[in-house]
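# Sequence first, then the predicted structure, then my questions.
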Amino acid sequence: MALYSFTPILAASLLSGFILSTAQAAQTGHDLPVSQIQAAPTPVPSLTPAQDPGVAQPLAQALPAPMQALAPTAPGTPEDRPAVQITAPTNTQISAGMAGQLVAFPLQDGDRFKAGDVLARFQCSQQEATLAHARAEYVKHRGLLDVQTRMKALGQWSVSDLHTAEADLQAANADLKMALAVVAQCTIEAPFSGRVSNLMVHDYQYLSPGTPMLEILDDSALELSMLVSSTALRHLQPGATFQVWIHETDRTYAARVTRISGKVDPVSKTVKIYAQLVQPVSDLLPGMTGSAILKD
């Protein structure tokens, strides 16, 4: 490898000597015989150990600049501060429970709501008519059963007629419950208080059952999650406190470990840690990221 490295240098030296001899001949006014043309001695630059590829170099010096950035760093650097992500433990995706057209979709992305507020309402004229019919059938069969019961008390009754009236009332009651369940799907109410985090549909859109409509979350108790080395479990247990820096706000907050994942990843030797802020704040949102400061 060293021989190949010196070959271009020797060739350059010979060429420079030939050019110098030719210039001297031009100044004297006569040509020099070819046998008298000699390459002027040119000193060959010596290579330092860092320039000679045949000499071993330290790993940090031998690597190119981009690779040096990937070289292991000393303790106390940001690598000792695991990445942290803010999440909302209570969050869900609301989907359509029936086929129909949206007639009320009042919330927008980011809007707040309370438990029980209407999130969406479908056009349900047909379902409401079915419910009214089921109620009428129930009332009719309940009246027929009352008649059979009074005739039994008078001794003018038939066992088969009484049993038929009882069965018809039970069937009418089942139809009524089914109609009530269908109509209940016409209006979607918020299961908890929180805010909207994403919208997938719009007003007056026709939806099929199972179509995702919106995503909601409860941001009243945000949670922090991070992957740490399994050796950090020696001092990171539920109740332990640490500091967390959030990139979006450029502020540091106090946090407390609440729980630890049920297993350690045997490949990466890491475990997931969950924590909450010691004091709730209003300037943080789910999805923000930062780093935990586990050492002073």
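Received, thanks.
# Give me the below-cutoff pLDDT ranges for the stretch 51-200 of the chain.
For the stretch 51-200 of the chain, the stretches with pLDDT under 70 are 51-80.
# ok, which stretches of the stretch 51-200 of the chain are strands?
Residue ranges of the strands in the stretch 51-200 of the chain, as given by DSSP state E, counting those that start in this stretch, are 83-87, 91-95, 100-104, 112-113, 118-122, 187-189, 194-199.
# Note down every partner strand of the fourth one and its orientation.
By that I understand strand 112-113. strand 194-199 (antiparallel) (DSSP bridges).
# Tell me which residues of the strand it pairs with come out buried.
Neighbour-count burial for strand 194-199, with 16 or more other C-beta atoms under 10 Å as criterion, is recorded at 194-197, 199. The way it works is simple: take the backbone N, C-alpha and C, and place the C-beta from them, glycine included.
# cool, stretch 135-151 as well?
Applying 16+ other C-beta under 10 Å to stretch 135-151 flags 137-138, 141, 144-145, 148 as buried.
# Among these, which ones are in helices?
Among the buried residues of stretch 135-151, the members falling in helices (DSSP state H) are 137-138, 141, 144-145, 148.
# ok, of those residues, which one's closest to residue 226?
Closest approach to residue 226 among these (C-beta to C-beta): residue 138, at 57.4 Å.
# mind listing what that closest one touches?
Residue 138 makes contact with 169, 172-173, 175-176, according to C-beta atoms under 8 Å, 6 or more residues apart in numbering.
# repeat for residue 211
Contacts of residue 211 (C-beta under 8 Å, 6+ apart): 95-96, 200-201.
# Got phi/psi on it?
Residue 211 has phi and psi values of phi -70, psi 120 when expressed as degrees, to the nearest 10.
# how much space between it and residue 173?
For residue 211, the distance to residue 173 equals 32 Å [C-beta to C-beta, to the nearest Å].
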